[in-house]
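Student: After the sequence you'll find the predicted model.
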Amino acid sequence: MIVNGFRLPLRKLALCFCICSCWPAVTPAAQPVTVPPSAVYIRQLMRDVAWNEMQAQLRPEHYYEYLLTEQTPSGEHKTLQIGSPQGTVGLLLFVNGRPPSEKQCHHSRNLLRQIASNKNLQETRLRNQRADEARRAQLFSAMPHAFLYEYSGVEKGTGWLRLRFRPNPNFRPRTRVGGVLPGLQGELWVDPATKRLARIEGRLIHNVTFGWGILARIHSGGRFLLEQARAPDGSWQVACLSVNLEVRVLLFKKLDVDMTNSYASYKPMPESITLNEAISDLEQRETVCRP
């Protein structure tokens with residue numbers, strides 16, 4: 001799945017973390033685990049999970065239409081999104097639970113027209129979206145090495161393995177994005193049948209600094225939660241995304257990142273869909289605008 005990226009770098013970083021249980025999982029139950037798995041099994045499982053999540057980010061097999069609900073302290077926006085190999089575009093449907101104003105409707109549709117006619121804008125948006133995917137892939141790549149894992153049980157009804165994780169003191173991040181991982185601890189759920197990450201939730205247990213204390217510092221106490229689920233076609237997709245962080249930029253400016261994204265109603269699109277075809281599809285959708 002390809003999802004529109006945030007414009008601010010720190011919010012792009014936040015996109016790597018995720019969310020609340022707002023989309024019921026359609027997951028066949030795996031064979032129940034009758035004995036606690038060995039440490040060797042858990043390490044290999046997390047390597048496999050990380051690899052599968054990386055591939056899903058960097059080499060999506062399908063593109064989808066879906067509903068995206070973005071919630072921040074300033075309000076809620078719901079859009080209809082359509083993905084393609086050349087990027088993802090969206091059409092505004094609701095603002096704070098109501099139809100958008102005529103001005104908001106015009107802005108949303110005008111942006112689609114600008115994207116369709118401006119090759120440079122298309123390339124910039126695609127480059128930003130691919131950069132977001134690469135950052136998320138870097139996080140997944142580092143997970144087997146960044147944490148120490150401990151078996152915590154099996155989720156009833158799904159067969160998911162529940163693992164506690166804490167920072168690995170021997171881990172040395174190789175990327176700026178990976179630099180946040182040494183500050184995290186929490187719990188995650190893995191589907192052993194498909195070796196995919198179903199859920200991860202955690203919190204920062206100490207401050208994390210980027211750029212040697214000059215660029216930004218994320219303060220301890222921040223929380224995140226990511227949940228993925230099986231779509232009707234059997235693929236794993238993000239269900240929700242949420243993060244709450246307190247960030248200090250340049251040691252002076254304070255930035256509170258408080259956002260929740262929910263994803264629903266996934267529908268596979270034709271394999272050959274192009275960006276302009278996605279835009280044309282959205283332009284033909286009827287929307288209600290209030291005066």
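Tutor: Received the coordinates, thanks. Residues are numbered from 1 along each chain as shown.
Student: So for Arg217, what's the pLDDT?
Tutor: On pLDDT, Arg217 comes in at 75.
Student: tally of neighbours for His219?
Tutor: 15 (other Cβ atoms under 10 Å). Using the backbone N, CA and C atoms, a C-beta is placed for each residue, glycine as well.
Student: my bad, should have said Val208
Tutor: 20.
Student: Relative to Leu121, how far out is Asp281?
Tutor: Distance from Asp281 to Leu121, counting by Cβ to Cβ, to the nearest Å: 19 Å.
Student: What is the neighbour count of Ile200?
Tutor: Applying other Cβ under 10 Å, I find that Ile200 has 22 neighbouring residues.
Student: Excluding sequence neighbours, find me the nearest residue to it.
Tutor: Once flanking residues are discounted, Ile200 sits nearest to Leu188: 4.0 Å by Cβ to Cβ, 6 or more residues apart in numbering.
Student: average pLDDT across the helix or strand containing that neighbour?
Tutor: Using DSSP states H and E, Leu188 sits in strand 184-191. Across strand 184-191, pLDDT averages out at 96.
Student: cool, stretch 275-287 as well?
Tutor: pLDDT averaged over stretch 275-287 gives 96.
Student: in that stretch, what's buried?
Tutor: Neighbour counts over stretch 275-287 (16 or more other Cβ atoms under 10 Å) mark 275, 278-279, 281-282 as buried.
Student: List just the nearest of those to Gly75.
Tutor: Relative to Gly75, the closest of these is Leu282; by Cβ to Cβ it sits at 21.7 Å.
Student: Between its first and last residues, how far does stretch 263-282 reach?
Tutor: End-to-end span of stretch 263-282 (Cα to Cα, to the nearest Å): 17 Å.
Student: Look at Thr287 and give its secondary structure.
Tutor: coil (DSSP: H, G, I helix; E, B strand; the rest coil).
Student: Would you mind confirming that it is in contact with Pro99?
Tutor: Yes: look at Thr287 against Pro99 with Cβ atoms under 8 Å: they come within range, at 7.5 Å.
Student: So for those two, which residues contact both of them?
Tutor: Listed as contacting both Thr287 and Pro99 by Cβ atoms under 8 Å, 6 or more residues apart in numbering are Leu93.
Student: Now distance to Glu53 and secondary structure too, for the buried residues of stretch 275-287, in TSV please.
Tutor: Below are the buried residues of stretch 275-287 laid out as TSV (distance: Cβ to Cβ, whole Å; DSSP: H, G, I helix; E, B strand; the rest coil):
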residue	distance to Glu53	secondary structure
Leu275	25	helix
Ala278	25	helix
Ile279	29	helix
Asp281	29	helix
Leu282	29	helix
